[in-house]
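A.B. asks: take a look and give me a structure for this.
(one chain, ligands or ions: 1)
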Amino acid sequence: MVFVNQQRMPRKRTFLMCPPEYFAVEYAINPWMDTDQPVDTELAVKQWEGLRETLLRLGHSVHVLAPEAGLPDMVFAANGAFVVDGIAYGARFKHQQRTAEAALHRAFYEEAGWRFMAPSETNEGEGDFAYLPRSHGGLILAGYGFRTELAAHAEAQEMLNHPVVSLRLVDPRFYHLDTALAALDDERVVYFPGAFSVAAQKVLAQLFPDAVLADEVDAFAFGLNLVGDGQHVILNNEASGLASKLAAAGYTPVMVDLSELKKGGGSVKCCVAELRR
Ligand code: ARG
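C.D. replies: Here you go, the predicted model:
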């Protein structure tokens, strides 16, 4: 019997990234960060360039936000806002060490003519929000439990005009939604069930019966922190098991090395914010 993979269609995306010129692990606000472990900033920049070039080679557009000294986590651009339908819902960071990043993202959106909505509630942007444009007419998934407050989910719904489904994260290693769940295309997700409360696992199973399920090894290799364009899935090169599962589901895995940034507790998705018109 011959199995023919379903044809997957890529869609061109526009992203925002910020180079890790000042990347360092100077404080520890997640279990991956160890201030005693040395960081090779030059290598981090090279790896980040590799990710940017990969996205460009696949036909996507990448805007670059200028980094600022003293904000070592600014490379994790996904945390700066959450953008849907041309509206940028701004971030409000939980930890004081990252607070100043929010205004720099805000300035980018305002200067580039996006509709910017200032948040009142603590939320870490696309780190804790995912958008599935073709699921239920446009569905937002939102994580809480470590960084983003539940109240921000309601705020996002009011500002972005799409239903928000709240999902409780329970494992501190997977402290942002984007470390445990990703959109592969406009309607399908991949996730590691163990990162979620039992109720959230049931909700995900109900909403996404066709999801690709990842295991703890995939999640621990930062495999879920991926960017999908409908056909290609750009993911951390340590997540080879997940890459095979995605290939079997008809996607084309594209592996990138972001070992230095993993020391900050992030990988592919954390470095990339999607700008959706
Ligand atoms: N060191 C950063 C923090 O703890 C990493 C952020 C990773 N970003 C993400 N979208 N998961 O805030």
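
A.B. asks: make it CA atoms for all contacts and neighbour counts henceforth
C.D. replies: Fine.

A.B. asks: need the contact list for residue 231.
C.D. replies: Residue 231 makes contact with 8, 9, 10, 184, 185, 250, 251, 252, according to CA atoms under 8 Å, 6 or more residues apart in numbering.

A.B. asks: surely the fourth one touches residue 224?
C.D. replies: In other words, residue 184. No - Residue 184 lies out of contact with residue 224 (CA atoms under 8 Å); the separation is 10.0 Å.

A.B. asks: stretch 30-38: which residues count as buried?
C.D. replies: Using 16 or more other CA atoms under 10 Å as the test for burial, stretch 30-38 gives 30, 32, 33, 34.

A.B. asks: give me the secondary structure label for the second one.
C.D. replies: It refers to residue 32. Following DSSP: H, G, I helix; E, B strand; the rest coil, we place residue 32 in the coil state.

A.B. asks: tell me the confidence at it?
C.D. replies: The score at residue 32 is 97. That number is its pLDDT.

A.B. asks: grab the nearest non-local neighbour of it.
C.D. replies: Nearest-residue entry for residue 32: residue 265, 4.9 Å, with adjacent residues in sequence omitted and distances by CA to CA, 6 or more residues apart in numbering.

A.B. asks: tell me how many other residues crowd the residue of the stretch 1-150 of the chain found nearest the ligand.
C.D. replies: Nearest residue of the stretch 1-150 of the chain to the ligand, counting by CA to the nearest ligand atom: residue 127, 3.6 Å away. Residue 127 has 31 neighbours, counted by other CA atoms under 10 Å.

A.B. asks: give the contact list for it.
C.D. replies: Counting by CA under 8 Å, 6+ apart, residue 127 has contacts 78, 79, 176, 177, 178, 270.

A.B. asks: near the ligand too, which of those?
C.D. replies: 78, 79, 176, 178, 270 (CA under 6 Å from any ligand atom).

A.B. asks: got the contact list for the nearest residue to the first one once chain neighbours are set aside?
C.D. replies: If you skip the residues right next to it in sequence, residue 78 has residue 273 as its closest partner in space, 4.2 Å away by CA to CA, 6+ apart. Going by CA under 8 Å, 6+ apart, residue 273 touches 15, 16, 17, 77, 78, 79, 80, 81, 82, 126.
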